[in-house]
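Visitor: From the sequence below, what's the structure:
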Amino acid sequence: MVNEIIRCETLSKTYVLGDEEVHALDEVTISLARGDYAAVMGPSGSGKSTFMNIVGCLDTPDTGKLWIDDEEVSRMSRNELAGIRNKKIGFVFQQFNLLGRTSALDNVALPLLYGGVNRHDRRERAYAALERVGLKDRVGHHPTQLSGGQQQRVAIARALVNEPAILLADEPTGALDTHTGEEIMDIFDDLNQSGLTIVLVTHEYLIAAHALQMIRFLDGKITGVEQLKAEAA
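Guide: Numbers count the residues shown, from 1 in each chain. Just a heads-up that it's a prediction; the model follows:
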């Protein structure tokens, strides 16, 4: 399918814990289209985090194939996977993972520094990303001077600064109160409406309900895919 941005074919991953083998993923096959917005749900140990790590090129499957934006990545080396992550994937986590003694602007610019972008362009692109999440008046603030919601906005801006094809979010509202969490989800909704593909791991149905579809995991398998609403035109 030409419009696919993520394609998984019979992905399996097994971990050995002592004498026990844990089948974290068991022949998972699924595709997501460009511009999709998918929520991944399931109990602890269901495979959703392993799925996210493999789709995010943080890990590789034991068997099966994975394509990200038309490139097969399932057999790439660590260095090649790092290149895919840097160019094509943005990450947002429950914990904001910001550098405490560094301004919001420099936190957001960090991926560009690793990518060898010059200082002027780094600052310009970081400022634009912060403006996109409503923090243009907080660019010089350090994380300790920002609320939890503002810190998560900085983390989202950092994920966007390389203009990724896919945004992966792992429990992005888990450390926030309900009202602030909804504000963060409004940002994700706007990003998706602008065309960004989003995959969101959450255990909260009200958060998952923002997505276009819900993918349910249990015991390493996909047990259901539910369309939550029609895709935005």
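
Visitor: Can I get the top helix by length along the chain in PDB? Just the C-alpha atoms.
Guide: Counting residues, the longest helix found in the chain (DSSP state H) is helix 178-193. What follows is helix 178-193, C-alpha atoms only, in PDB (Å, rounded to 0.1, in the frame of the first residue of the first chain):
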ATOM      1  CA  THR A 178      -6.400  15.600  34.100                       C
ATOM      2  CA  HIS A 179      -6.800  19.200  32.900                       C
ATOM      3  CA  THR A 180      -3.200  19.600  31.900                       C
ATOM      4  CA  GLY A 181      -3.300  16.200  30.200                       C
ATOM      5  CA  GLU A 182      -6.200  17.300  28.000                       C
ATOM      6  CA  GLU A 183      -4.200  20.500  27.000                       C
ATOM      7  CA  ILE A 184      -1.300  18.300  26.000                       C
ATOM      8  CA  MET A 185      -3.700  16.000  24.000                       C
ATOM      9  CA  ASP A 186      -5.100  19.100  22.200                       C
ATOM     10  CA  ILE A 187      -1.500  19.700  20.900                       C
ATOM     11  CA  PHE A 188      -1.300  16.100  19.700                       C
ATOM     12  CA  ASP A 189      -4.700  16.500  18.000                       C
ATOM     13  CA  ASP A 190      -3.500  19.700  16.200                       C
ATOM     14  CA  LEU A 191      -0.300  18.000  15.100                       C
ATOM     15  CA  ASN A 192      -2.200  15.100  13.700                       C
ATOM     16  CA  GLN A 193      -4.600  17.400  11.900                       C
END
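
Visitor: That helix: what's the following helix or strand?
Guide: Counting by DSSP states H and E, the element after helix 178-193 in chain order, helix or strand, is strand 197-201.

Visitor: Helix or strand next in line after that next one, which one?
Guide: Next in sequence after strand 197-201, counting helices and strands by DSSP H and E, comes helix 205-208.

Visitor: what residues does the longest helix of the chain touch?
Guide: With C-beta atoms under 8 Å, 6 or more residues apart in numbering as the test, helix 178-193 has contacts from 35, 37, 133-134, 147-149, 152-153, 156, 160, 167, 169, 172-173, 176, 198, 200, 207, 210, 212, 232. C-beta here means a position set from N, CA and C on the backbone, and glycine is covered the same way.

Visitor: In PyMOL, how would I select just the buried ones from the residues you listed?
Guide: The following PyMOL line selects those of these that are buried, judged by 16 or more other C-beta atoms under 10 Å:
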select buried, resi 35+37+133+148+149+152+153+156+160+167+169+172+173+176+198+200+207+210+212
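
Visitor: Inside helices: which ones of the contacts of helix 178-193?
Guide: Among these, the residues falling in helices (DSSP H) are 148, 149, 152, 153, 156, 160, 207.

Visitor: how deep is the closest residue to residue 209 other than its chain neighbours tucked in, by neighbour count?
Guide: Nearest residue to residue 209 in three dimensions, chain neighbours excluded: residue 228, at 6.2 Å (C-beta to C-beta, 6 or more residues apart in numbering). The local packing of residue 228 (other C-beta atoms under 10 Å) involves 14 other residues.
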